[in-house]
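Undergrad: heads up, no residue letters with this:
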Ligand SMILES: Cc1cc2nc3c(=O)[nH]c(=O)nc-3n(C[C@H](O)[C@H](O)[C@H](O)COP(=O)(O)OP(=O)(O)OC[C@H]3O[C@@H](n4cnc5c(N)ncnc54)[C@H](O)[C@@H]3O)c2cc1C
């Protein structure tokens, strides 16, 4: 067989898988549907956070043993290096693009009351980078290690055969069938291919499908330090937080999301937010330089993504998203598992064990916390958000809103009973 391994998808998971396998001496082919690896049009905030917090709660679950992959940043003048922690060895990714630092995250009410996620802004909350450049650098390392990469190659079918894997690919209108001993599917969210292999059976949706629209902006004039990731609330216009963050080339990103079934017009809502909300003065001289979008779904994560000659890797098997560092961890471990399988061992067991212990979203306790408290901007009006954020700030509470409200539920019920009645189901 020409290839030991075919990897589908040149996102963070697939590229890390391709690089690791090639460095271990495997004959690897990586297929990517996009023509250029650095041309990432699916929106991603491009923020790599320090620490191992979950997205909706920073509380480490206690119902399962979990140790997510974290990143240590080695920041230099131009040539940065990320060290991935909690893997079997020191795995690094070199990055030669721009890096903008976040020192904190602030949650801001219409009247300007705010609280922070971190206790002190002297810490580093995370870095915003150019994902296209990150992937391009990794692709170069793949090629140097001997991995063959074919861009403009969309995989349309995958089949497990007696002696390996057969992949049908469409390359510029022409169909070709390729064969390998094993496959790593790293084709991102909403993968139709993993369904063809039977992995989505009995996989339930845990929420509606969500659409996101991001405006890339030039010239935002906020009173907060630029290195603060902001979560702005103006429920009279839009019933959720609106993240305002950094983007490469001194730009900013402003993001809105809504469930598809509500048929909300995000273009109209973003325009209204920028022109009519309490935050409008910040955008008085702003120019929109790009628009990016994507869809997202909350789905039950796949419990055993490694089976037979197939390993699912990254977002395609996840609850919502593996995030860049999680996807790197998956790619690395998936390749190591394939190597073990080729040597006659059982790498699949090891990969499944890694996957089940690397993400908060496998914890029922973690997923359940979102049912114990509503997002404030969904249930409160502008005045309610002002009152709540003022109360949080006066008490010097820090953290993610859900964690703060649940940790201090008794005090909130006593001091702001009208608000408490709305935020707790
Ligand atoms: C709104 C939003 C914001 C986010 N913000 C952040 C953030 O700030 N920080 C962070 O760390 N993560 C963030 N993420 C998550 C992050 O983008 C993903 O978790 C990560 O990119 C997953 O990597 P992946 O390799 O699994 O998939 P992807 O990055 O989606 O890569 C999949 C690749 O497979 C290719 N592909 C798909 N189908 C085929 C096919 N049939 N044939 C060939 N190629 C195919 C795609 O073109 C793509 O290149 C965000 C996600 C969303 C939705």
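TA: Received it, and whenever you're ready, just let me know what you need. The structure presented is a predicted model; accordingly, all values stated were derived computationally and were not measured.

Undergrad: And the residue of the stretch 251-400 of the chain that's closest to the ligand?
TA: residue 314 (2.2 Å; C-beta to the nearest ligand atom). In this view, the C-beta of every residue, glycine as well, is placed from N, C-alpha and C.

Undergrad: For this protein, what lies in contact range of the ligand?
TA: 8-14, 31-34, 42-48, 154-155, 186-188, 212, 294, 296, 314-315, 321-324, 327 (C-beta under 6 Å from any ligand atom).

Undergrad: ok so, going back, residues in contact with the residue of the stretch 251-400 of the chain closest to the ligand?
TA: 9, 11-14, 186, 188, 322, 326-327, 330-331 (C-beta atoms under 8 Å, 6 or more residues apart in numbering).

Undergrad: Grab the longest strand from the protein for me.
TA: In terms of residue count, the longest strand belonging to the chain (DSSP state E) is strand 174-185.

Undergrad: partners of that strand, with directions?
TA: strand 3-8 (parallel), strand 164-171 (antiparallel), strand 310-312 (parallel) (DSSP bridges).

Undergrad: quick one: the shortest one to chain centroid distance?
TA: Read it as strand 310-312. 20 Å (C-alpha atoms, centre = their mean, to the nearest Å).

Undergrad: Now tell me what touches it from outside.
TA: 158, 160, 165, 182-186, 191, 194, 197, 199, 302, 305-306, 334, 337-338, 348, 351.

Undergrad: Kindly report the same for the longest one.
TA: Under the contact criterion C-beta under 8 Å, 6+ apart, strand 164-171 has outside partners 1, 6, 8, 31, 150, 152-159, 175-183, 309-310.

Undergrad: Can I have the buried ones of those residues as a PyMOL selection?
TA: Only the buried entries of these go into this PyMOL selection, using 16 or more other C-beta atoms under 10 Å:
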select buried, resi 6+8+31+153+155+158+178+180+181+182+183+309+310
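
Undergrad: before we move on, the earlier item: work out for me the element the closest residue to the residue of the stretch 251-400 of the chain closest to the ligand other than its chain neighbours sits within.
TA: Distances taken as C-beta to C-beta, 6 or more residues apart in numbering place residue 13 nearest to residue 314, at 3.0 Å, with adjacent residues excluded. In this structure, residue 13 sits in helix 12-23 according to DSSP states H and E.

Undergrad: Taking strand 3-8 as reference, get the angle to that helix.
TA: Counting by axes from the mean of the first three to the mean of the last three C-alpha atoms, to 10 degrees, helix 12-23 lies at 160 degrees to strand 3-8.

Undergrad: So for helix 12-23, mean pLDDT?
TA: Across helix 12-23, pLDDT averages out at 98.

Undergrad: For that helix, name the packing helices and strands.
TA: On a contact count with 3 or more C-beta pairs under 8 Å, 6 or more residues apart in numbering; DSSP states H and E, helix 12-23 meets strand 3-8, strand 28-31, helix 131-145, helix 323-342.

Undergrad: Tell me what angle it forms with helix 131-145.
TA: Using the same axes, to 10 degrees: helix 12-23 against helix 131-145 is 20 degrees.

Undergrad: low pLDDT regions in the stretch 101-250 of the chain?
TA: Nowhere does the stretch 101-250 of the chain drop to pLDDT under 70.

Undergrad: Can you name the residues that contact whichever residue of it sits closest to the ligand?
TA: Nearest residue of the stretch 101-250 of the chain to the ligand: residue 188, at 2.6 Å (C-beta to the nearest ligand atom). Neighbour list for residue 188: 9, 11, 42, 314-316 [criterion: C-beta under 8 Å, 6+ apart].

Undergrad: now residue 12
TA: Here residue 12 is in contact with 134-135, 138, 314, 324, 327-328, 331 (C-beta under 8 Å, 6+ apart).

Undergrad: Let me know whether the residue nearest to residue 314 touches residue 332 as I believe.
TA: No: Residue 13 lies out of contact with residue 332 (C-beta atoms under 8 Å); the separation is 9.2 Å.

Undergrad: picking up where we left off before, now render the helices and strands packed on helix 12-23 as a markdown table, adding distance to residue 99.
TA: Output for the helices and strands packed on helix 12-23, formatted as a markdown table (distance: least, C-beta to C-beta, whole Å):
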| stretch | distance to residue 99 |
| --- | --- |
| strand 3-8 | 27 |
| strand 28-31 | 26 |
| helix 131-145 | 10 |
| helix 323-342 | 13 |
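
Undergrad: what's the residue closest to the geometric middle of the protein?
TA: Centre of the chain computed as the mean C-alpha position; nearest residue by C-alpha atoms, centre = their mean is residue 323, 3.1 Å away.

Undergrad: Local confidence estimate at that one?
TA: On the pLDDT scale, residue 323 gets 97.

Undergrad: can you check the one 4 residues further on too?
TA: For residue 327, the model assigns a pLDDT of 98.
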